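Engineer: Could you look at this predicted model? Sequence included:
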Amino acid sequence: MACGLLYYADFIHWDLAIIWLLRRSRKRRDEVSKPGRGAVAAAAAASVASLAAVAGGTLVLLGLIETDFMLGGAASMPVSIKALLLLPPIEAAVSFALIWFSIQAWRGRFWTVPARIHYSMVAVASLSLTAWFEHWNILRWWFTS
């Protein structure tokens with residue numbers, strides 16, 4: 001159940017990305033502050049990295065990506081799996097940037113209160129997905145082999 005909640009929290013990222021695209025198409029670029037644009041870009045990057053990592057992990061679990069390399073260790077991993085395993089650390093780094101942007105949004109008040117609450121929820125969801133990656137040793141996999 002907790003895993004399902006974490007995956008659901010990951011899709012909150014896409015909600016923010018869609019809102020960003022809709023607002024971008026309606027507003028002029030000058031109306032949004034520079035920190036606000038950076039914050040939304042960071043949320044979109046976290047969204048893409050986390051969704052790609054979860055989708056790739058699902059493909060591995062379903063057997064659509066070959067996993068026979070696991071018997072040989074990290075040296076025999078295909079490049080596609082190494083690329084897939086680089087996504088969670090990228091998401092983790094961007095996750096901490098989201099927390100920083102969330103704090104700056106509350107201090108600088110460059111969004112409305114509901115938008116700041118929504119962005120804070122996205123940042124917490126991203127941080128919880130990072131904790132899930134850490135629990136399953138997906139963030140530090142290269143140190144264990």
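Structural biologist: Received it, and whenever you're ready, just let me know what you need.
Engineer: what comes up buried for the one helix or strand residue 40 maps to?
Structural biologist: Under the criterion DSSP states H and E, the helix or strand holding residue 40 is helix 34-61. Buried positions in helix 34-61, judged by neighbour count with 16 or more other Cβ atoms under 10 Å: 36, 39-40, 42-54, 56-57. (C-beta placed from N, C-alpha, C; glycine too.)
Engineer: do the same with stretch 90-98
Structural biologist: Residues of stretch 90-98 classed as buried by neighbour count (16+ other Cβ under 10 Å): 90, 91, 92, 94, 95, 97, 98.
Engineer: want to throw these into a markdown table with distance to residue 135, pLDDT and secondary structure?
Structural biologist: A markdown table is the format used below for the buried residues of stretch 90-98 (distance: Cβ to Cβ, whole Å; pLDDT from 0 to 100; DSSP: H, G, I helix; E, B strand; the rest coil):
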| residue | distance to residue 135 | pLDDT | secondary structure |
| --- | --- | --- | --- |
| 90 | 18 | 89 | helix |
| 91 | 14 | 89 | helix |
| 92 | 12 | 90 | helix |
| 94 | 19 | 92 | helix |
| 95 | 14 | 91 | helix |
| 97 | 21 | 93 | helix |
| 98 | 19 | 93 | helix |
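Engineer: which pair in those residues spans the largest distance?
Structural biologist: With distance counted by Cβ to Cβ, no two of the buried residues of stretch 90-98 lie farther apart than 90 and 98, which are 12.6 Å apart.
Engineer: which regions of the chain sit below the pLDDT cut-off?
Structural biologist: Counting by pLDDT under 70, the low-confidence segments of the chain come to 1-34, 65-76, 141-145.
Engineer: who's in contact with residue 57?
Structural biologist: Contact analysis of residue 57 by Cβ atoms under 8 Å, 6 or more residues apart in numbering lists residue 84.
Engineer: Actually, residue 63.
Structural biologist: With contacts taken as Cβ under 8 Å, 6+ apart, residue 63 has no neighbouring residues.
Engineer: got it, and residue 36?
Structural biologist: Residues near residue 36 by Cβ under 8 Å, 6+ apart: 105, 110, 111.
Engineer: Restricted to buried residues, select the residues you listed in PyMOL.
Structural biologist: Selection command for PyMOL covering only the buried members of these, criterion 16+ other Cβ under 10 Å:
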select buried, resi 105+110+111
